[in-house]
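K.L.:
Any chance you could fold what I've pasted below:
(one chain, ligands or ions: 1)
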Amino acid sequence: MTHLDWGLTGKTVIVTGATGAIGRAVAEGFAEAGCKVAVVDLDQSACDTAALSLGIQHRGYGADLRQIAELPGLIQRIEADLGLATVLVNIAGIIRRTNDLFSVTEDDWDAQHDINLKALFFLTQAFARRLADTGTPGSVINYSSQGALSGGLSGSVVYNATKGAITTMTRGMARSWAPLGIRVNSLAPGLVDTPMLKVPGQTEAEREAMIQSVPMQRLGLPGDHVGATVFLASDMARYMTGAMVNVSGGLLMY
Ligand SMILES: NC(=O)c1ccc[n+]([C@@H]2O[C@H](COP(=O)([O-])OP(=O)(O)OC[C@H]3O[C@@H](n4cnc5c(N)ncnc54)[C@H](O)[C@@H]3O)[C@@H](O)[C@H]2O)c1
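P.N.:
Residues are numbered from 1 along each chain as shown. Prediction:
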């Protein structure tokens, strides 16, 4: 191996949330890197369209990842179509903004935990089990958030709790599976200009103040996350596991 060998050509990569803003860009990045991409998101036809736009070697998989019992079958179907997946990028997630902490309901709590945390854990478990069974090394990248560290605003406390748990769980998975050659890292975006960032009732002045809070003085764009994600999946990051990679324009520095 040379120092600058990405080692990604021909690899099968699963990207969840892959028809969303960041997921779409990340799926494109892996396709550009020569990987076969399993485009996973809720809507089958949106997944098919996105996969086809990447090229004929990619496939779309419509799946509600909250259906935990179906996750091993999803991993099996991807393997049958595209070969054993050795990279999993967990991007699917939701936010339910509430006015304040007093208006959070049990349903808000469950909805965010079910997809952001529970589905992520069990999909990763099913993915890693195949790697363990076949003695194959691999890499997982879990999308966290800067809110995992900052706590975020009062309308996003539960969401940020799921993101904090993702980073903590990433470290536990990294420790548990390092002996199997499975690296697990988390990536923390800052303020990204996608529909998820929309704060109901936010004035133009408040939005501008939010932008000015970023040292690089702009919001993140979906494509800003591609390089770091592909890097973490690659052999270039072969000695990295359990890291939380900061892609926030300097919003938080750690
Ligand atoms: N946008 C931001 O400012 C920001 C900041 C920090 C972290 N993040 C994280 O980055 C990731 C992507 O964010 P985005 O802005 O691209 O959001 P997005 O809403 O555009 O994408 C999320 C995707 O997840 C999919 N999804 C939701 N529930 C699902 C389910 N049950 N099964 C399968 N797929 C499901 C959605 O359909 C959607 O396509 C998320 O994990 C988010 O928490 C975003």
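K.L.:
Isn't Ile22 up against Thr194?
P.N.:
Yes: counting by CB atoms under 8 Å, Thr194 is a contact partner of Ile22 at 6.7 Å. Yep, even glycine has a C-beta here, placed from its N, CA and C like the rest.
K.L.:
neighbour-wise, which of the two wins?
P.N.:
Neighbour count, other CB atoms under 10 Å: between Ile22 and Thr194, Ile22 has more, with 28 against 15.
K.L.:
Pull the contacting residues for the more buried one.
P.N.:
By CB atoms under 8 Å, 6 or more residues apart in numbering, the contact list for Ile22 reads Ile91, Tyr143, Pro189, Val192, Thr194, Pro222, His225.
K.L.:
residues in the stretch 101-250 of the chain within reach of the ligand, list them.
P.N.:
Neighbours of the ligand within the stretch 101-250 of the chain, by CB under 6 Å from any ligand atom: Ile115, Tyr143, Ser145, Pro189, Leu191, Val192, Thr194, Pro195, Met196, Leu197.
K.L.:
Pull out the buried members of these.
P.N.:
Ile115, Tyr143, Ser145, Pro189, Leu191, Val192, Met196, Leu197 (16 or more other CB atoms under 10 Å).
K.L.:
okay, among those residues, which ones form the most distant pair?
P.N.:
Greatest spatial distance in those: Ile115 and Leu191, 21.0 Å, computed using CB to CB.
K.L.:
Look up the residues that both of Ile22 and Thr194 are in contact with.
P.N.:
Common neighbours of Ile22 and Thr194, using CB under 8 Å, 6+ apart, are Pro222.
K.L.:
how about the helices in the stretch 51-200 of the chain?
P.N.:
71-82, 106-113, 120-134, 147-150, 157-177 (DSSP state H, counting those that start in this stretch).
K.L.:
Now render these as TSV, adding mean neighbour count and mean pLDDT.
P.N.:
Shown next, in TSV, are these (neighbours: other CB atoms under 10 Å; pLDDT from 0 to 100):
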stretch	mean neighbour count	mean pLDDT
helix 71-82	16	98
helix 106-113	14	98
helix 120-134	18	98
helix 147-150	20	95
helix 157-177	19	98
